[in-house]
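*Asks:* from the sequence below, what's the structure:
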Amino acid sequence: MSKKSVMAVLVTLIVLVSGFNVYAQKTKQRYEILRLIRQEKLDLILPGAMRDNNVDMWIHVVESGKKDPLALDLGGWFEYRAWEPIGYYIFTDRGGDRIERIILGGEDQDGLYDIVGSGQDLRKFVEERDPKVIAINMSTWLPIANGLSHTAYLSMTEALGEKYAGRLVSAENFITDFRVRRVQREIIAFANACEIQRQIIDEVLRRIKPGITTREEVGWWAQDLLLAQGIFPSFEAATLHLPYMPGVSHSEVSDRSETWKPGYVFQRGDYISLDMGIGYLNFGTDFKRNVYILKEGEANAPKGLKHAWDRTLEAREIIRKTFIIGRTAGESLNAIVQALEAGGFVHTPSDDVSSQYRDLLNALGDSDKSGFSIDFHATGNTSVGDVTAGPSIAPWRKDRAHLMVQQNYIFAFEFMVHTWIPEWGKRISISYEDNSIVTEKGIEALYPWHEKIIIIR
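*Replies:* Residues are numbered from 1 along each chain as shown. Below is the predicted model:
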């Protein structure tokens, strides 16, 4: 082997080893951050969440080999224990400023629990503490609080006996509070995730070359950039799947039936939007960016599109001044609707079932009035509002309307404004979405918001 070949091999090995060391440190750092968040949540959030919901004991039932929705929140280890197929997290309010923490049928690798024992000891532990209200992970509307299978429920109630089985209630409201009440390290971690996505989404959109780039290519570019950082999409499928791809809201030359195909090639005059999210630690993001591809001879976006964007930002500022903590989701929706209507916008709500939304848009015709619809959904731990915990401010999310908007509520600041664009002879819906937090000061940005339509030349 020549000296050059030897040197090339050595350099390659050094680079590989250095890369492995960097990723090893990243992995260790992420574990330490997540462990800190677990500890802070159990120490600082759990007592108030249990007491505010009148819960004496929380029994969270898990099954060996089956990932629980709160696995990343609670830590512990229950995998591949054939001799104890069912395990239990037990949290008991025994007074004081701390909740007792027990794992039965699993292991405590993080050192966050007080007692570790066998799942066969469930009844003994419960009898010794004699709770009056026992919350369990069973819910009709909150998926993350509904991880208890029917067979595991039968096993648990048999172990508890009739007396304590009669004291079981759903943990849905309690788990909601435990999730949405944030410690500072959670907010920092989520903001970091948002910034990672913002940089990636901006980069891949600016790579678009009209007449060359396809919808699918943009999605794969984003996936590869995420993978390079050891990060995945926030809403993962069980198998490999197509990536997030930009949607085409308007095309000067292409039929709508073509623009939805993964292989569609972007054309000049296309107005597009990319909606995506990333998974980082125990968090999931979800926000959009809007893009216009200039036609030949254009120096900027059409005047009508710029006007539509300005109207969208006007609506954003009205909403920002209106949305506050201390109201339920239902009350918040009513307040936002009233404020926007007072600002000259027309409410075009969707019940997400019938043609109500489209009918209201059609009724606006070519008037200069802008319609609007609201979809503030909880995000943070899971990007998709239908499955994560917390209030959701939208007409079709009625099962979350009773939930209170609390301090440090992380949500998708998502709404649509529908404005007539004379140059295109139709009404366009500008879909705006940024992830935000609401505090006692109002809505605050966690990263730079979407201020201008991205222009591709």
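
*Asks:* so for stretch 323-342, mean pLDDT?
*Replies:* Per-region confidence: stretch 323-342 scores 97 on mean pLDDT.

*Asks:* as a check, name the ranges of all helices in the stretch 251-400 of the chain.
*Replies:* 256-259, 303-322, 329-342, 356-364 (DSSP state H, counting those that start in this stretch).

*Asks:* buried residues in the first one, which are they?
*Replies:* The neighbour-count criterion (16 or more other C-beta atoms under 10 Å) identifies residue 259 as the buried residues of helix 256-259. Placement of C-beta: from N, CA and C, glycine included.

*Asks:* same for that helix, what does it pack against?
*Replies:* On a contact count with 3 or more C-beta pairs under 8 Å, 6 or more residues apart in numbering; DSSP states H and E, helix 256-259 meets strand 247-250.

*Asks:* likewise for the last one?
*Replies:* Taking 3+ C-beta pairs under 8 Å, 6+ apart as contact, the helices and strands that helix 356-364 lies on are strand 346-347, strand 371-374, strand 409-421, strand 426-439.

*Asks:* between it and strand 426-439, how many degrees?
*Replies:* Using axes from the mean of the first three to the mean of the last three C-alpha atoms, to 10 degrees, one finds that helix 356-364 and strand 426-439 are set 120 degrees apart in direction.

*Asks:* what sits against residue 58?
*Replies:* Taking C-beta atoms under 8 Å, 6 or more residues apart in numbering, we find residue 58 in contact with 50, 89, 90, 91, 134, 135, 136, 171, 174.

*Asks:* of all the helices of the stretch 251-400 of the chain, which one is nearest residue 269?
*Replies:* Closest of the helices of the stretch 251-400 of the chain to residue 269 is helix 303-322, at 10.6 Å (criterion: C-beta to C-beta).

*Asks:* residue ranges of each domain in the protein, please.
*Replies:* 44-178, 182-456 (automatic domain parsing).

*Asks:* will you turn those into TSV that also has distance to residue 28?
*Replies:* What follows is the domains of the chain, written out as TSV (distance: least, C-beta to C-beta, whole Å):
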stretch	distance to residue 28
domain 44-178	14
domain 182-456	12
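
*Asks:* compare these and give me the one nearest residue 36.
*Replies:* domain 182-456 (5.7 Å).

*Asks:* mind showing which ranges of this protein have poor pLDDT?
*Replies:* 1-25, 235-241, 383-387 (pLDDT under 70).

*Asks:* picking that back up, which one of the helices of the stretch 251-400 of the chain lies closest to residue 208?
*Replies:* helix 256-259 (14.0 Å).

*Asks:* so what touches that closest one?
*Replies:* 247, 248, 251, 264, 270.

*Asks:* any chance of the residues you listed in JSON lines, with distance to residue 336 too?
*Replies:* Formatted as JSON lines, the contacts of helix 256-259 follow (distance: C-beta to C-beta, whole Å):
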{"residue": "247", "distance to residue 336": "25"}
{"residue": "248", "distance to residue 336": "29"}
{"residue": "251", "distance to residue 336": "32"}
{"residue": "264", "distance to residue 336": "35"}
{"residue": "270", "distance to residue 336": "31"}
